[in-house]
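Trainee: fold the following for me, if possible:
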Amino acid sequence: MDGSEAGTGREPAATVERIARAAAEAFPGWSATPPRQRAAALSAVADAVATSGPALVATAMSETGLSEARLTGELNRTVVQIRLFADVVVEGSYLDVRIDEADDDFVLGSRPDLRRYHVPLGPVLNFAASNFPFAFSVIGGDTVSALAAGCPVIVKAHPGHPELSRQTAEVVRAALAESGAPDATLQLLVGQEEGVAMLLDPRIRAASFTGSIRAGRMLADLAMGRPTPIPFYGELGSVNPAFVTTRAAAQRSGSIAQGFATSVSGSAGQLCTKPGFLFVPRGSDIAAGAAEAAGAVGEQRLLNPGITAGYAARRDAILGTPGVDPLAAGAVRVDEDGQGWATPTVVATDLTTLREHRETLLDEAFGPLSVIVEYDDEAELAPAAADLFQGNLTSTVHAADDEDTEALRALVDWAARSTGRLVFGGWPTGVAVSHATQHGGPWPATTNDAGTSVGSAAIGRFLRAVAYQDVPQVLLPEPLRDDNPWGVPQLRSPAGRSRGWGEAFRAGG
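Mentor: I've put the predicted structure just below:
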């Protein structure tokens with residue numbers, strides 16, 4: 001059973017039952033797959049996706065309107081991401097193995113032998129995104145991190161690229177099968193009703209989502225309202241404010257204006273890290289430079305009619321707000337099918353207007369639009385940010401070389417507390433796929449700011465901890481055994497250490 005007929009007219013309840021049952025049956029075998037074998041399977045998937053790249057990119061272009069260059073780069077990023085997780089599985093630090101040796105002289109009394117590590121949760125449901133048809137879709141970061149953790153994955157396909165989803169799933173499933181993975185290690189599910197029903201199925205043990213605040217909040221509430229609640233990792237909304245100090249504006253206004261316009265207009269502004277607000281000192285020439293650069297950007301197709309309608313409504317609301325001046329008016333052209341093409345819109349306002357009309361201006365505009373906000377005193381930036389913005393995926397700061405002021409430190413401190421990634425001197429679009437990446441943030445950027453959907457740490461979302469007390473070596477899982485056959489990192493607490501805890505830091509120590 002490959003799940004490819006899900007949502008094609010069969011009874012939704014029967015479809016959900018069949019796919020959920022298959023995923024549950026696949027879990028014991030996939031979760032028990034030794035690291036090198038699981039890594040080899042992931043590597044085979046990466047090779048298969050790369051080999052199928054031209055055909056997949058062609059389909060993606062026809063369904064999303066994104067350019068060949070953008071999609072080819074995204075496919076390469078996806079392949080690299082899969083290979084990263086192959087290495088993560090073998091290296092093994094994600095298991096977080098901790099071993100406390102039995103200790104009759106333990107400071108609190110006799111301590112048993114305790115061994116703790118992380119195990120996979122079980123079948124995972126991934127709601128694919130529209131704006132990244134490779135990197136956040138069928139074999140994107142959510143899927144591959146869950147597979148790496150040892151969890152079978154059911155992908156709820158996005159309606160914006162159905163044929164690409166089917167093609168990608170076929171490529172991935174064939175590679176997994178050839179590698180000896182259990183049947184139904186990855187399955188595809190189609191349909192909104194089916195997706196909601198699957199989220200409520202007791203065999204699903206975690207879910208991930210990238211999309212709107214409204215839909216994400218609804219799904220998160222359903223996940224938490226189940227008789228047995230499950231983790232739900234939703235990436236929802238982010239306006240990603242950027243700030244320019246007075247000295248930075250005087251030092252490099254031209255490059256800041258150009259970089260801002262490029263970041264706002266890339267992929268038609270349909271990126272979750274697009275800077276939605278840029279704070280600049282009053283009187284700087286950044287606004288004029290940004291308007292000129294944005295005005296030179298050609299028309300780009302938006303992803304689908306739903307995105308087009310939502311963007312057009314947000315753009316109209318922002319342009320109709322008193323005290324907002326269009327610098328680059330841009331445009332939205334809509335055809336008879338509701339599909340849209342847009343050129344960038346950049347507007348200007350000030351802090352007073354932004355505060356007075358926050359209900360209209362502060363929501364995310366998912367498309368090539370951004371708001372430049374003029375300020376008078378850098379000291380008001382951090383308090384204004386704290387007042388205006390909830391959680392975000394990113395915050396960006398442009399400061400002069402060697403600049404260090406109380407206002408700058410306050411702004412950096414706010415950003416570190418309120419966002420997942422602080423960008424200094426650059427722009428937030430373009431997310432590195434690596435170990436130290438954090439792609440998450442406080443609500444409403446995500447539903448759970450303890451996780452990341454990009455980078456090797458994403459695997460932690462699909463694991464739970466279990467401890468073994470006084471279990472014989474022969475019955476212990478391989479990572480917890482003294483001979484450590486998998487060769488994973490082990491944090492050991494030898495007997496006799498506890499009486500010395502903290503001694504080096506005591507007064508007179």
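
Trainee: which outside residues touch stretch 130-138?
Mentor: Contacts to stretch 130-138, defined as CB atoms under 8 Å, 6 or more residues apart in numbering, come from residues 56, 60, 63-64, 66, 71, 74-75, 77-78, 81, 128-129, 140-142, 155, 157-158, 160-161, 164-165, 168-169, 172, 186, 188, 210-211, 267, 270-272, 303-304, 307, 453. The C-beta positions use only the backbone N, C-alpha and C, and glycine is treated the same way.

Trainee: so which of the residues you listed are in strands?
Mentor: Cross-referencing the contacts of stretch 130-138 against strands under DSSP state E gives 155, 186, 188, 210.

Trainee: which of those residues lies closest to Pro34?
Mentor: For those, the minimum distance to Pro34 (CB to CB) is 19.1 Å, reached by Leu186.

Trainee: so what's that closest one up against?
Mentor: 138-139, 143, 147, 152-155, 169, 172-173, 176.

Trainee: go on, Gly65?
Mentor: So Gly65 contacts 300-303, 339 (CB under 8 Å, 6+ apart).

Trainee: quick check: of the residues you listed, which lies closest to Leu327?
Mentor: Gln300 (18.8 Å).

Trainee: would you confirm that the closest one contacts Gly340?
Mentor: No. Contact status for Gln300 versus Gly340: not in contact, 9.7 Å apart, counting by CB atoms under 8 Å.

Trainee: ok, back up a step: of the contacts of Gly65, just say which sits nearest to Ala215.
Mentor: Nearest member of those to Ala215, counting by CB to CB, is Leu303, at 15.3 Å.

Trainee: low-confidence stretches in this structure?
Mentor: By pLDDT under 70, the weakly predicted segments of the chain are 1-10, 508-509.

Trainee: where is the longest helix in it?
Mentor: Looking across the chain with DSSP state H, the single longest helix is helix 68-91.

Trainee: got the contact list for the most centrally placed residue in the chain?
Mentor: Residue closest to the average C-alpha location in the chain (CA atoms, centre = their mean): Ser453, at 3.3 Å. Ser453 is in contact with 136, 141-142, 145, 208, 210, 233, 235, 439-440, counting by CB under 8 Å, 6+ apart.

Trainee: follow-up on the earlier one: between the ones in strands among the contacts of stretch 130-138, which sits nearest Leu480?
Mentor: Leu186 (28.6 Å).

Trainee: Pro34 against Gly487, yeah?
Mentor: No. Checked against CB under 8 Å, the pair Pro34 and Gly487 is beyond contact range at 11.5 Å.

Trainee: in helices, which of the contacts of stretch 130-138 fall?
Mentor: Those of these lying in helices (DSSP H): 56, 60, 63-64, 71, 74-75, 77-78, 81, 141-142, 164-165, 168-169, 172, 307.

Trainee: give me the element Ala175 is part of.
Mentor: helix 162-178 (DSSP states H and E).

Trainee: next one: Ala382
Mentor: With DSSP H and E as criterion, Ala382 is part of helix 381-388.

Trainee: can you give me the helices in the stretch 251-400 of the chain?
Mentor: For the stretch 251-400 of the chain, the helices defined by DSSP state H, counting those that start in this stretch occupy 286-295, 305-319, 351-356, 358-361, 381-388.

Trainee: phi first, then psi, for the residue lying closest to Val454 once chain neighbours are set aside.
Mentor: Spatial nearest neighbour of Val454, excluding adjacent residues (CB to CB, 6 or more residues apart in numbering): His439 at 3.7 Å. Dihedral pair for His439: phi -120, psi 90, per degrees, to the nearest 10.

Trainee: helices of the stretch 101-250 of the chain, residue ranges please.
Mentor: Using DSSP H, counting those that start in this stretch, helices in the stretch 101-250 of the chain cover 141-149, 162-178, 192-200, 213-225, 246-265.

Trainee: export those helices to CSV and tack on mean neighbour count and distance to Asp483?
Mentor: Converted to CSV, those look like this (neighbours: other CB atoms under 10 Å; distance: least, CB to CB, whole Å):
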stretch, mean neighbour count, distance to Asp483
helix 141-149, 29, 24
helix 162-178, 20, 30
helix 192-200, 18, 41
helix 213-225, 16, 40
helix 246-265, 20, 52
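
Trainee: right, and these - which one's nearest Ala458?
Mentor: Of the helices of the stretch 101-250 of the chain, nearest to Ala458 by CB to CB is helix 141-149, at 3.9 Å.

Trainee: who does the closest one touch, helix- and strand-wise?
Mentor: Here helix 141-149 touches helix 35-51, helix 68-91, strand 124-127, strand 153-156, strand 206-210, going by 3 or more CB pairs under 8 Å, 6 or more residues apart in numbering; DSSP states H and E.
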